[in-house]
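Q: Predicted model and sequence follow; I will ask about them next.
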Number of protein chains: 2
Amino acid sequence: MKAQNWLNVIRWNEQGLIPVITQEASTHEVLMLAWINRMALEETLRCGEAVYWSRSRKKLWHKGEESGHVQKIVDIRLDCDNDALLFLVEQTGMACHTGRHACFYQQLQTTAENRDWIAVDPVLKDPKEIYK
Amino acid sequence: MKAQNWLNVIRWNEQGLIPVITQEASTHEVLMLAWINRMALEETLRCGEAVYWSRSRKKLWHKGEESGHVQKIVDIRLDCDNDALLFLVEQTGMACHTGRHACFYQQLQTTAENRDWIAVDPVLKDPKEIYK
């Protein structure tokens, strides 16, 4: 490999991170949004599965390392501003730690009196069964 | 409307922003990633079209205000961590300022010697024609 221009093209933020949208390759469902740094992106390419940077745990997060719900990389895209990534993946099991298939399950619903976020997608597996 | 609990649920970052993924409702293509604050989200709901916060111009950005390429809101979702939004929209024209339909047109391609981002999606309209 030559000098890593492909990594230098990316406009990492002050923390050395950019957001990644993860989308299911077959259905085009948006599964989640995570964050990634250089090391995590290199590791993603090395192992062929999504590896993110956990901002809360401050370490590499090989998605599915505990649950087995790994994400096999099908395609990687960079946006026009070079500051956001899109992963197309084959998701094993489910993406969301709540046991739902995807993380965007809260829908904004509006009535005459109120607005609220309502969980509209089903829990497919008890989280206690996912993280044993 | 009652107290805006639905806005307080959102975990805005230190700058009062969160990322928004914008996806075409009909095709499920991911069009772009942008940023939004409270004011922009309220304005989105008021007018029924996507309004973001422009971090570079530091002002509300009603998508399509110049180009006419507005995004009619079909559905709004919040993720499990309450720190990312998903807009499902009907896109008029194209989403990307380069004249492509979507912003994620650079594909990571790998050869034996190198990796690089290659523009793989067509320019549908000359940007000079979009922003006159």
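A: Now that the structure is in, tell me what you want to look at.
Q: and residue A:14, how many neighbours does it have?
A: 5 (other Cβ atoms under 10 Å in any protein chain shown). C-beta coordinates here come from the backbone N, C-alpha and C atoms, glycine included.
Q: max-length helix in chain A?
A: helix A:38-47 (DSSP state H).
Q: Whichever helix or strand comes after it - contacts with which helices or strands?
A: Going down the chain from helix A:38-47, the next helix or strand is strand A:51-54, by DSSP states H and E. Contacts defined by 3 or more Cβ pairs under 8 Å, 6 or more residues apart in numbering or on different chains; DSSP states H and E place strand A:51-54 against strand A:30-36, helix A:38-47, strand A:59-62.
Q: Now residue A:84: closest residue in space that isn't a chain neighbour?
A: Using Cβ to Cβ, 6 or more residues apart in numbering or on different chains and skipping the chain neighbours, the partner closest in space to residue A:84 is residue B:33 (4.1 Å).
Q: residues contacting that neighbour?
A: A:19, A:21, A:79, A:84, B:19-22, B:103 (Cβ atoms under 8 Å, 6 or more residues apart in numbering or on different chains).
Q: now with 6 Å?
A: A:84, B:19, B:21 (Cβ atoms under 6 Å, 6 or more residues apart in numbering or on different chains).
Q: Any figure for the gap between it and residue A:106?
A: 19 Å (Cβ to Cβ, to the nearest Å).
Q: now residue A:98
A: Residue A:98 is 10 Å from residue A:106, by Cβ to Cβ.
Q: Check residue A:49 too.
A: Distance from residue A:49 to residue A:106, by Cβ to Cβ: 27 Å.
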